[in-house]
Every structure is written in structure tokens, then in C-alpha cells.
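1. I'll drop the sequence and a predicted model, then ask my questions.
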Amino acid sequence: MKLAVVIPLYNSAATIAATLEATLAVEPNGHDVEIVVVDDGSTDESRAVAARYPVAVIPQANTGPAGARNTGWRRSDGEIILFTDADCRPEPDWIGQMLPPFEQEYVGAVAGSYSIANPGRALARLIQAEIRHRHRVMGEFVKAGGSYNLAVRRSVLEQVGGFDESYPTASGEDNDLSYRIQKAGYRIAFNPNSRVAHVHPERFWKYLKIQFVHGYWRGLLYRRHPEFVTGDDYTRPRDILGSFLATAFLGLCPLVLLAPRLMVWPLAALLAALVGMEGLCALEIAIRNGDGILFPLGTITFSVRSFFRVTGWFRGLLAATARRETAGAGVRR
């Protein structure tokens, strides 16, 4: 069988060499494997680094990772397209783990999991531990798979039109693709034993900015797929409750100016509920991983993250409303 590995590349000169070395070391299991790197308008040495390896490197103007992935799979000959990212390192049995579910015709895609490439940093360990915590309870089939470790039939990509390029950054375009695959009548299998090592964020502020961006584009995602607004297998009830508590807290904050003594207790109760809930999750993760620092770090990170997510979401909704009003005004003229 012909397989293609597609890797979108943008200003990843520091990580792409390790990604390609790991990808080239993956056991092909008797399949014909081509590796396609799409340089999405990088301004650093990314393309030059990738060109040192025996892979196809396709340059294009910057369109975002969704557009780069579409260019990659359309320019390839693969019957199955495996997607990963320029800061990920597939494990040697990656192909062997990803392909078996495709023996079932109703399986349109297979999603895998993460391992960690930078365990020396506490925040990176926390992110990886939470991912494992979430993936541990996911079943054989899921509603969404991340494009960092995702395999899709070429015929399915052609049927649904590939990734939606209106998502300009890594922001939900993989969820969008997953939802459309299911609407087309296919299922997405999940194999936690298929792993790619990922360089997780190491700086608190960078991680929070990523969460803000994810929240921002969730508004677009759920407008297009309202039936998935209650979440997918990765999103847990805790995420929904955390967003509700953060929203309620932010919504009541302006009332402090009118009645400071009256509002202090409801605000304190909301914050305590949020921190307590996230603290319990962080404690479980710390105990399960035998890593004590994950308890205080997780409590703080998860709690603050909820505010960045909902702030991003509401900012995205406002931007979308403004775009609709502008479009409507144009139609009326």
C-alpha cells in the first residue's frame, strides 16, 4: 500500500531535523512510504534544514497549517495519509500501530496519542500527564482526532474536501475535519499505543496564549458543528464546568463596582469552586505520575487556563458577530 506522511512546516528550524530523523526511522511494515514536507512560507532556515533529508519539500506562501496539510496530501500518492507536526517525533512502530483499524471499511481515520520529547520541564510534564489522564478514559472510537497524530483515507479526504483553510492557525481545524468525517458516515478509531513524542510548551505565558487562541476559534467551530458543542471525548465535563465557573466569575466582576460587599462572597465562592475542582484533578494527576510538583502547578495552570479559554471564546464570538454585521451591511447596499 502507498502511504504518505505529511508534515506542515513553519519556522520550525529548531525541531524539524529531529522530526524527520524520527519519521525516516519509522518501520514501513512493507508499505511504500513517501514523506512530504510543506514549507508554509517560513522566514527562518526551516526549508533548508528539511532539504537535507531524503523527503519531498514543497514551498508555498503562508496559508496556515490547514492549507499546508491540504497541499501535502493532494501532492502525494498515498492511499492513507498520516499527519504529524514539525515538533513531533513518531515512534518506530507508528505505522504498524496506525494501520490495523483501516481493515474495517467504516473506519475513515485513526487517531493516536502523545509521548513527551522534553520531560525536563515541569510545565511540559504537566501537559503530557493531563493528556494521558484524558486519553486513559477514551474508548475505541472517538469524535475527534488531533492532526499531530492522525491517519486518514485519501478517499475520505477527497470526499469531505480536506482541512478547512478558513482556520488560519492551529486552532480547531482538526476537530472540524473529524466532525465532517463522521457526518460523512465514517468512524474515527483511537489507538493510544500509536504515539509521537511532542515538544510541549515550556513557558506558562506561551501555553496560556495557545489556550486563548483555541478558545477564540471554538466559536467558529461550534457555529458550524453545533451538535458537538457539548464537547468530544477529549473534552471532559470538568472543562465545561470550568468554563461556566470562569464565565460566571467574569460576568459578575463588574457588579463589584456597584455593590462590593454584596458581590465579594459570590465571587469568592465561584473562584473557590473552580480552584477546588482543578486542584482535585491536579492532585490525581500528581499522584498517578508520582510527581509532586504537578499538584500546585496543575492547580494554578488549569484554573488560569479556564479564564483564557472563555476570554478567547467570547472574543471570537464578538469578532464573528462583527464579521456577520459587516457582511450583512454589504448585502443591503
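-> Noted; the coordinates are in hand. Numbers count the residues shown, from 1 in each chain.
2. only C-alpha atoms for contact and neighbour calcs from this point on.
-> Will do.
3. Which residue ranges of the stretch 101-250 of the chain form strands?
-> Under the criterion DSSP state E, counting those that start in this stretch, the stretch 101-250 of the chain carries strands at the ranges 107-116, 141-142, 149-153, 187-198.
4. quick one: the first one to strand 149-153, angle?
-> It refers to strand 107-116. Interaxial angle, strand 107-116 versus strand 149-153 (axes from the mean of the first three to the mean of the last three Cα atoms, to 10 degrees): 170 degrees.
5. Let's test this: mean pLDDT of strand 107-116, rounded?
-> Strand 107-116 comes out with an average pLDDT of 96.
6. residues making contact with that strand?
-> With contacts defined as Cα atoms under 8 Å, 6 or more residues apart in numbering, strand 107-116 is touched by 98-99, 101-102, 124-125, 128, 131-132, 135, 144-146, 149-153, 156, 181, 186-200.
7. what are the pairing partners of it, and which direction each?
-> Counting by DSSP bridges, the strands paired with strand 107-116 are strand 149-153 (antiparallel), strand 187-198 (parallel).
8. buried set for the shortest one?
-> Same thing as strand 149-153. 149, 150, 151, 152, 153 (16 or more other Cα atoms under 10 Å).
9. Need the contact partners of it.
-> 79-85, 98, 108-114, 195-196.
10. and residue 179, how many neighbours?
-> By other Cα atoms under 10 Å, the residues close to residue 179 number 23.
11. ugh, wrong one, I meant residue 260
-> Applying other Cα under 10 Å, we find 12 residues neighbouring residue 260.
12. For it, give its distance to residue 250.
-> Using Cα to Cα, to the nearest Å, residue 260 is found at 14 Å from residue 250.
13. So what would you say the end-to-end distance of stretch 138-151 is?
-> Start and end residues of stretch 138-151 are separated by 18 Å (Cα to Cα).
14. just how off-centre is that stretch within its chain?
-> 10 Å (Cα atoms, centre = their mean, to the nearest Å).
15. OK, contacts around residue 301?
-> Counted by Cα under 8 Å, 6+ apart, residue 301 has contacts residue 204.
16. What residues does residue 10 make contact with?
-> 39, 40, 41, 42, 43, 46, 86.
17. on that earlier part again, want to try a markdown table for the strands of the stretch 101-250 of the chain, with distance to residue 92 as columns?
-> Below are these laid out as a markdown table (distance: least, Cα to Cα, whole Å):
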| stretch | distance to residue 92 |
| --- | --- |
| strand 107-116 | 13 |
| strand 141-142 | 23 |
| strand 149-153 | 14 |
| strand 187-198 | 9 |
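18. okay, now residue 182: neighbour count?
-> 18.
19. cool, and residue 208?
-> Neighbour tally, residue 208, other Cα under 10 Å: 20.
20. Distance check, it against residue 302.
-> Distance, residue 208 to residue 302, using Cα to Cα: 10 Å.
21. Show me how the protein divides into domains.
-> The chain is divided into the following domains under automatic domain parsing: 2-200, 237-332.
22. and the last one, what's its mean pLDDT?
-> Mean pLDDT, domain 237-332: 87.
23. Kindly state the pLDDT recorded for the residue nearest to residue 1 when sequence neighbours are not counted?
-> The shortest distance from residue 1 to any non-neighbouring residue, by Cα to Cα, 6 or more residues apart in numbering, is to residue 31 (5.2 Å). Residue 31 is assigned a predicted lDDT (pLDDT) of 96.
24. could we number from 278 for the rest of this?
-> Will do, 278 is the new start, and the previous item becomes residue 308.
25. Let me see the contact set for residue 308.
-> 278, 279, 280.
26. quick one: the helices in the chain?
-> Here the chain has its helices, by DSSP state H, at 293-301, 323-327, 342-351, 371-375, 399-412, 431-437, 450-460, 481-501, 514-529, 537-566, 571-609.
27. Name the residues that touch the second one?
-> This points to helix 323-327. With contacts defined as Cα under 8 Å, 6+ apart, helix 323-327 is touched by 286-291, 293-294, 297, 314, 316, 334, 336.
28. Buried subset of those residues as a PyMOL selection?
-> The buried residues among the contacts of helix 323-327 can be selected in PyMOL (16+ other Cα under 10 Å) with this line:
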select buried, resi 286+287+288+289+290+293+294+297+314+316+334+336
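29. biggest separation within the contacts of helix 323-327, which pair?
-> 291 and 336 (18.1 Å; Cα to Cα).
30. how about residue 370, what does it touch?
-> Counting by Cα under 8 Å, 6+ apart, residue 370 has contacts 303, 304, 471.
31. Farthest from the middle of this protein: give me that residue.
-> Distance to the chain centre peaks in the chain at residue 538, reaching 41.7 Å (criterion: Cα atoms, centre = their mean).
32. Contact partners for that one?
-> Contacts of residue 538 by Cα under 8 Å, 6+ apart: none found.
33. Residue 290 against residue 321, yeah?
-> Yes: Residue 290 is in contact with residue 321 according to Cα atoms under 8 Å; the separation is 6.7 Å.
34. State the distance from residue 292 to residue 303.
-> In terms of Cα to Cα, residue 292 sits 17 Å off from residue 303.
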